[in-house]
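Chemist: just need the structure, nothing else, for what follows:
(2 chains)
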Amino acid sequence: MKPPCRRWRLAVLCIALSPAAPAQSVDPSHSELVFVTRMMGVPVQGRFTRWDATLQFDPRHAQAGRVALRIDIASASFVASEVSAEARRAVWFDAAQFPQAAFASAAIKPLGGGRFEMSGRLTLKGRERDLVIPVNLAQTGSTGRASGSFTLQRLDFGIGTGEWADASLVEHEVQVRFQIALTGLGAP
Amino acid sequence: MVDEPRAMSEPAAGSAARYTGTAIALHWLLAAAIFANLGLGVYMHELPISPLQLKLFSWHKSAGITILALSALRLLWRLAHAPPPDLPMPAWQRRAAHAVHRALYVLFFAVPLAGWGYSSAAGFPVVLFGVLALPDWVPAGEDLAETFKAWHKALALALGALVLLHIAAALKHQYVDRDGLLHRIWPMRR
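Modeler: Below you'll find the model as predicted:
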């Protein structure tokens, strides 16, 4: 049985090391993560249905914020399930070998008016790329919606190689769009 | 008096009883396009996803929409320009011919519309020749896509069957009845 004074010291230590702001939480049911490219001129959209985000973000101290995203690659879904199955193949996402994609923020720069510039590293299909993602945070009270979009070059990550590498078949540029519902935000 | 068999070079009694030049041109242009697109559809529809399959589906859709647009022009022309009077034939054959022609016109529209719906419902908006995006007039959803797919396939098969019947009947008139029927639609005056 621990002496009461040691437990007390442990408690003080815990409080001292905890972040100034509690972690925010993401509501996946009111969030979306989609990507769009063109196949012979036809816009085709897919969405990731399984992902989670952990973040620590205080609108008043944006620079100290941290965002981490983990995406279940096999959850890439298209309207046609045949296309979803195709996307999991080795020539595309290769979900068997690279089941997760991840994003970790390095810096968050406030631009004013609820706009931020979040830079960080994306790991996708085993390759890493640094990104700068513009984010718009619309906040009412402690809930908010972070949204934005950015583009990727799919061949930077070896997605759609070999016979699919031709841009006229599937465009190299892929637009990624996100809307993330947040709770537990501090005052802006 | 026995009617002599008429060669195609002789005009029908009373007038050059042919369809207009525009109607004839549209008939053969669309006959070739529909024949080709039916064949393409039959060949491609069970292919697994591949660059070739993507290209074939893309061309098939653009051809189908082109057929739809030309069929609209053809229908307008037909409504404005009456076809030549029917050749003498038993009443049931005349009624059958009109019924088949009407059914063909319905299918000229129904088949590509079903295909357009299928494509939209499957999450692939139709983009004509890769440049002109057509609106989606149905929501996206896999169940709806399967329904449109089934209709597109059934209607296309019906079109194919009616085309064969149409060709067989025309040949019957021309070579069995020898009534010079093909002269009405033949593109060349011989």
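
Chemist: helices of the chain, start to end?
Modeler: Going with chain A. In chain A, the helices defined using DSSP state H lie at A:4-17, A:81-87.

Chemist: hmm, no, I was thinking of chain B.
Modeler: Taking DSSP H as the criterion, chain B carries its helices at B:21-44, B:51-80, B:91-121, B:142-172.

Chemist: count the residues that sit near the closest residue to residue A:73 other than its chain neighbours.
Modeler: Computed as Cβ to Cβ, 6 or more residues apart in numbering or on different chains, the closest residue to residue A:73 that is not its neighbour in sequence is residue A:95, at 4.6 Å. Any C-beta I mention is one placed from the backbone N, CA and C, and that applies to glycine too. Around residue A:95 sit 18 other residues, with neighbours defined as other Cβ atoms under 10 Å in any protein chain shown.

Chemist: pull the CA atoms of stretch B:178-190 into PDB?
Modeler: What follows is stretch B:178-190 as a C-alpha-only set of coordinates in PDB (Å, rounded to 0.1, in the frame of the first residue of the first chain):
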ATOM      1  CA  ARG B 178     -40.100  -8.600-104.900                       C
ATOM      2  CA  ASP B 179     -42.000  -5.400-104.200                       C
ATOM      3  CA  GLY B 180     -38.900  -3.100-104.500                       C
ATOM      4  CA  LEU B 181     -39.200  -2.100-100.800                       C
ATOM      5  CA  LEU B 182     -35.400  -1.400-100.400                       C
ATOM      6  CA  HIS B 183     -35.600   1.300-103.100                       C
ATOM      7  CA  ARG B 184     -37.400   3.400-100.500                       C
ATOM      8  CA  ILE B 185     -34.400   3.600 -98.200                       C
ATOM      9  CA  TRP B 186     -31.500   2.700-100.500                       C
ATOM     10  CA  PRO B 187     -28.900   5.500-100.500                       C
ATOM     11  CA  MET B 188     -28.100   5.200-104.200                       C
ATOM     12  CA  ARG B 189     -30.300   5.600-107.200                       C
ATOM     13  CA  ARG B 190     -29.100   2.800-109.600                       C
END
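
Chemist: tell me the mean pLDDT over it?
Modeler: Summarised as a single mean, pLDDT over stretch B:178-190 is 88.

Chemist: buried residues, that stretch. List them.
Modeler: Within stretch B:178-190, the residues that count as buried by 16 or more other Cβ atoms under 10 Å in any protein chain shown are B:179, B:180, B:181, B:183, B:184, B:185, B:186.

Chemist: pull the residues that contact stretch B:76-83.
Modeler: Stretch B:76-83 is contacted by residues B:19, B:20, B:22, B:23, B:26 when judged by Cβ atoms under 8 Å, 6 or more residues apart in numbering or on different chains.

Chemist: mind listing what's buried in that stretch?
Modeler: Per 16+ other Cβ under 10 Å, stretch B:76-83 contains these buried residues: residue B:78.

Chemist: just how off-centre is that stretch within its chain?
Modeler: 16 Å (Cα atoms, centre = their mean, to the nearest Å).

Chemist: may I have the beta-bridge partners of the residue nearest to the spatial centre of chain A?
Modeler: Central residue of chain A (Cα atoms, centre = their mean): residue A:69, 4.2 Å from the mean position. Applying DSSP bridges to residue A:69 gives these bridge partners: residue A:53, residue A:103.

Chemist: now do the same for it: its pLDDT.
Modeler: Predicted confidence (pLDDT) for residue A:69: 95.

Chemist: which residues touch it?
Modeler: A:51, A:52, A:53, A:102, A:103, A:104.

Chemist: looking at it, residue B:65 is touching residue B:126, isn't it?
Modeler: Yes: counting by Cβ atoms under 8 Å, residue B:126 is a contact partner of residue B:65 at 6.4 Å.

Chemist: any common contacting residues for these two?
Modeler: Joint contacts of residue B:65 and residue B:126 (Cβ under 8 Å, 6+ apart) are B:116, B:134.

Chemist: ok, residue 41 - contacts?
Modeler: By default, I'm working from chain A. By Cβ under 8 Å, 6+ apart, the neighbours of residue A:41 are B:58, B:127, B:129, B:130, B:131, B:133.

Chemist: my question was about chain B, not that one.
Modeler: B:60, B:156.

Chemist: pLDDT weak spots in chain B?
Modeler: B:1-16, B:189-190 (pLDDT under 70).

Chemist: what residues of stretch A:170-185 count as buried?
Modeler: A:170-172, A:174-176, A:178-182, A:184-185.

Chemist: from these, which is closest to chain B?
Modeler: residue A:170 (8.3 Å; Cβ to the nearest Cβ).
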